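J.: Build me a model:
(one chain, ligands or ions: 2)
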Amino acid sequence: MEKRYGIAVSPGIAIGPALVLDTEGVLIPHRTVSPDQVEAEIAKLRRALEETAADARDARQRMSDKLGQEFGNIFGAQQSMIEGEALRREIEERIRSENYSAEYAVSRVIRGFVKRLEDAGRRLGDSGAAEARRRATEFIDIERQVLASLLGHPTNPLENITEPVIILANDLLPSDTVDFTPRTVRAFATESGGATSHTAILAGALEIPAVVGLGRFLTDVSGGDTVIVDGTKGVLILNPDEATLSEYEQKRAELLARPDRYEHLRDKPAVTDDRVHIRLFGNIELASEAAHCLDRGAEGVGLYRTEFLYLNKSTHPTEDEHYAAYTSVLHTLGPNRPVVIRTLDLGADKFSSVSGAVSGEKNPFLGLRSVRLCLRHIDLFRTQLRAILRAAVYGDLRVMFPMISTIDELHQCKLLLNDVKESLEDAGIPFKRDVRVGTMIEVPSAALLADILAREVDFFSIGTNDLIQYTLAADRNNEHVANLYQPADPAVLRLIQMVVQAAHKQQIEVNVCGEMSGQPLYIPLLVGLGLRQLSATPRKIPEIKRVIRALTIAEAERIAAEALTLRTARQVCNFLSYQLRKILPSDGAD
Ligand code: PEP
Ligand code: MG
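T.: Ligands and ions are numbered 1, 2, ... in the order given. Below is the predicted model of the structure:
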């Protein structure tokens, strides 16, 4: 049994068979076979090894012809390993002694080799480790090729599963999660990733337990192994022993039997103890989540991440598809609840393969993403704006531009919006002219220019997920700099304060829609900084409401004022935890 700790991103406990996704998305459907199938499995293995060796021979020849023998020899080494007796004998031995399926035996044996190589490399110091890693990568490559030969080349790894699995991967893109539903995927765990990566956000939205940023573990696990994911504590357990398994089975059963802890608050108002109303909105990625907002007592949608319309699609959504999604959200929420449509925030880690996005950018997070991409591909932008304006007829739809970093960008967006209105007018198509326009504040330059931007829009929404990464120059998806990526960093707090003050001075609405507003720890601080609107994953809303109802404005302002005098993120966090324990003495800081 192996226990690993990572970043908890979506709560809940799941137990089940692993589906290890490497770059090829390999699924091992059966772990064992009946004794009478053993010889057939061995024959299957031999055929696969022969096929893989032939491929390696072929690759060696082609590479030698193209670049010379030296390069060809790289494949020669692989060919010798595949053709060598040692590998085949060990795999066959496992099939015979353990009744393993050929696929599972291949995976177990090769991952065992890799682990031994890595352990040896660690003992040998830097140069030894590098050589061991190189050899290990070759083995992993062989594993992939043999499995591809054994299993065919599945296009969708979830296609053939017979029971829900736990996905284990180095990293997942939001588009990898397309087919994840609680019916097919019980949980997922990844080696890379951070708390606000989009895949993590999607896991929260789909309510699938998830842990990310676990560091290397894929070499210690094979498809079909039993694993436990504790998305509440951020734990992954590989091949649990009997006692651990029953402990977690019990925990899981208790969790399922427990009603939503703060469900009773659903219909209670989100007012502080001294009767100040804080408006709570939901963040959604899919139109179908609008219902979750109502279920959790949200007053509307504070952030609709419309780029998720690209999920499962290789082409751009049409105007009608945009329109259908927006009207469906309005239909669920009714005509009076606000719905903030954020225009497409494509690029970087979100659907970066759409046409128009530049592939191979060195720094995609600083590149042609989000509103920059839309302004470069006006047709794409126009299509969405037309659909928003048309759908706005049916309710309180608002439009919001992401990643604004200069005043000029905002001007261009507004000009285009006006242009789209004119063209709808000319064509006699019904639309709403006085739709409210807002901008996200998620780049430090926008926060610093908030006083100017505030004169140009009807509302601000502070996207702390990006604001933190750009302020601290710490990639939100990179676990290696997760220590720097802190919402509580004094630099972030000062920027939030600056934005709120600019909004108040100009008397426009201001909201926080980053993950920070879903964390009870930060609620007193945000309210104390002057926020009267927050937008979070619907599931978090009852918990946030609970903090708000236990708080007074004077207390929140005192907390914010003191937090702003502190010098490090750690000091701020400790201070906020202590304050939260005082506000909610029954269960302390979450
Ligand atoms: C943010 O950056 O805080 C935000 C809400 O947008 P996203 O997480 O989609 O980048
Ligand atoms: Mg953002």
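J.: quick one: contacts for the closest residue in space to residue 476 that isn't next to it in sequence?
T.: Leaving aside its sequence neighbours, residue 476 sits nearest to residue 469 (CB to CB, 6 or more residues apart in numbering; 4.3 Å). Glycine gets a C-beta too; all of them are placed from N, C-alpha and C. Contact analysis of residue 469 by CB atoms under 8 Å, 6 or more residues apart in numbering lists 365, 475, 476, 485.
J.: So which of these is the closest to ligand 1?
T.: Checking the contacts of residue 469 against ligand 1 by CB to the nearest ligand atom gives residue 476 as the nearest, at 8.0 Å.
J.: wait, is that closest one part of a helix?
T.: No. Per DSSP: H, G, I helix; E, B strand; the rest coil, residue 476 lies outside any helix segment and is coil.
J.: My read is that it contacts residue 196, right?
T.: Yes. At 4.7 Å, residue 476 counts as touching residue 196 under the criterion of CB atoms under 8 Å.
J.: more crowded one of these two?
T.: Each of residue 476 and residue 196 has its neighbours counted (other CB atoms under 10 Å); residue 476 has more, 25 against 22.
J.: Tell me which residues touch that one, please.
T.: Contacts of residue 476 (CB under 8 Å, 6+ apart): 194, 195, 196, 197, 465, 466, 468, 469, 485.
J.: which residues does residue 16 form a beta bridge with?
T.: residue 227 (DSSP bridges).
J.: do you know how far it is from residue 467?
T.: As judged by CB to CB, to the nearest Å, residue 16 and residue 467 stand 37 Å apart.
J.: And for residue 409?
T.: 16 Å.
J.: Please identify which of those two sits among more neighbours.
T.: Comparing residue 409 with residue 467 by other CB under 10 Å, the one with more neighbours is residue 467, at 26 against 20.
J.: Just confirm that one contacts residue 443, I think it does.
T.: Yes. Residue 467 is within contact range of residue 443, at 7.2 Å (criterion: CB under 8 Å).
J.: where does the stretch 451-590 of the chain come near ligand 1, residue by residue?
T.: Residues of the stretch 451-590 of the chain lying near ligand 1 by CB under 6 Å from any ligand atom: 463, 464, 465, 466, 513, 514.
J.: out of those, which are inside helices?
T.: 464, 465, 466 (DSSP state H).
J.: wouldn't the last one be in contact with residue 403 here?
T.: If I follow you right, that is residue 466. Yes. If you go by CB under 8 Å, residue 466 and residue 403 touch, sitting 7.2 Å apart.
J.: Looks to me like residue 577 is in a helix.
T.: Yes. Assigned with three-state DSSP, residue 577 falls within a helix.
J.: Can you give me the neighbour number for it?
T.: 14.
J.: picking up where we left off before, the contacts of residue 476: which ones sit near ligand 2?
T.: Among these, the residues lying close to ligand 2 (CB under 5 Å from the ion) are residue 466.
J.: For ligand 2, state which of the contacts of residue 476 is nearest.
T.: Here the nearest of the contacts of residue 476 to ligand 2, counting by CB to the ion, is residue 466; it sits at 3.7 Å.
J.: How about the contacts made by that closest one?
T.: 403, 442, 443, 476, 514.
J.: surely the last one meets residue 471?
T.: Just to be clear, that refers to residue 514. No. In this structure residue 514 lies outside contact range of residue 471 using CB under 8 Å: 11.9 Å.
J.: So for these two, which residue has more residues nearby?
T.: residue 514 (28 against 21).
J.: on that earlier part again, could you redo the contacts of residue 476 as CSV and give each row pLDDT and secondary structure?
T.: As requested, the contacts of residue 476 are exported to CSV (pLDDT from 0 to 100; DSSP: H, G, I helix; E, B strand; the rest coil):
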residue, pLDDT, secondary structure
194, 80, coil
195, 77, coil
196, 75, coil
197, 74, coil
465, 95, helix
466, 97, helix
468, 97, helix
469, 96, helix
485, 95, coil
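J.: residue boundaries of the strands in the stretch 101-250 of the chain?
T.: 165-169, 185-190, 210-212, 226-230, 235-238 (DSSP state E, counting those that start in this stretch).
J.: Pairing partners for the second one, with directions?
T.: Looking back up the chat, that one is strand 185-190. Applying DSSP bridges, strand 185-190 is found paired with strand 165-169 (parallel), strand 210-212 (parallel).
J.: Would you mind finding the most buried of those strands?
T.: Most buried of those, by mean neighbour count (mean count of other CB atoms under 10 Å): strand 210-212, with a mean of 30.
J.: related to what we said a few turns ago, closest to ligand 2 out of the strands paired with strand 185-190?
T.: Of all those, strand 210-212 comes closest under CB to the ion, at 17.5 Å.
J.: wait, which of the residues of the stretch 451-590 of the chain next to ligand 1 is closest to residue 40?
T.: Set against residue 40, the nearest of these by CB to CB is residue 465 (51.7 Å).
J.: wouldn't the closest one be in contact with residue 512 here?
T.: No. Using CB under 8 Å, residue 465 is not in contact with residue 512, being 10.3 Å away.
J.: Same drill for those two, tell me which one is more crowded.
T.: residue 512 (28 against 22).
J.: Kindly reformat the strands paired with strand 185-190 as JSON lines containing mean pLDDT and distance to residue 105.
T.: Below are the strands paired with strand 185-190 laid out as JSON lines (pLDDT from 0 to 100; distance: least, CB to CB, whole Å):
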{"stretch": "strand 165-169", "mean pLDDT": "91", "distance to residue 105": "19"}
{"stretch": "strand 210-212", "mean pLDDT": "94", "distance to residue 105": "28"}
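J.: could you redo those strands as TSV and give each row distance to residue 529?
T.: As requested, the strands paired with strand 185-190 are arranged in TSV below (distance: least, CB to CB, whole Å):
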stretch	distance to residue 529
strand 165-169	38
strand 210-212	29
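J.: Nearest to ligand 1, out of the ones you listed?
T.: strand 210-212 (14.6 Å).
J.: tell me the pLDDT at the closest residue to residue 73 other than its chain neighbours?
T.: Of all residues not flanking residue 73 in the chain, residue 60 sits nearest, at 7.4 Å (CB to CB, 6+ apart). Note on residue 60: pLDDT of 79.
J.: Which positions are bridged to residue 210 in the beta structure?
T.: residue 10, residue 188.
J.: Please report how far the residue nearest to residue 73 lies from ligand 1.
T.: Separation of residue 60 from ligand 1 (CB to the nearest ligand atom, to the nearest Å): 45 Å.
J.: and that residue, what helix or strand is that in?
T.: If you go by DSSP states H and E, residue 60 is part of helix 38-67.
J.: coming back round to it: out of the ones in helices among the residues of the stretch 451-590 of the chain next to ligand 1, flag the one nearest to residue 557.
T.: For these, the residue nearest residue 557 by CB to CB is residue 464; the value is 19.9 Å.
J.: Relative to residue 296, how far out is that closest one?
T.: For residue 464, the distance to residue 296 - CB to CB - is 20 Å.
J.: Residue 51 now?
T.: 53 Å.
J.: which of these two has more neighbours?
T.: residue 296 (24 against 16).
J.: quick one, helices of the stretch 151-300 of the chain?
T.: Under the criterion DSSP state H, counting those that start in this stretch, the stretch 151-300 of the chain contains helices at 198-206, 242-257, 290-295.
J.: Check which residues of the last one are buried.
T.: If I follow you right, that is helix 290-295. 290, 292, 293, 294, 295 (16 or more other CB atoms under 10 Å).
J.: And those residues, which is closest to residue 280?
T.: residue 293 (9.4 Å).
J.: per-residue pLDDT, that closest one?
T.: 94.
J.: Leaving out sequence neighbours, find the closest residue to it.
T.: Nearest residue to residue 293 in three dimensions, chain neighbours excluded: residue 282, at 3.4 Å (CB to CB, 6+ apart).
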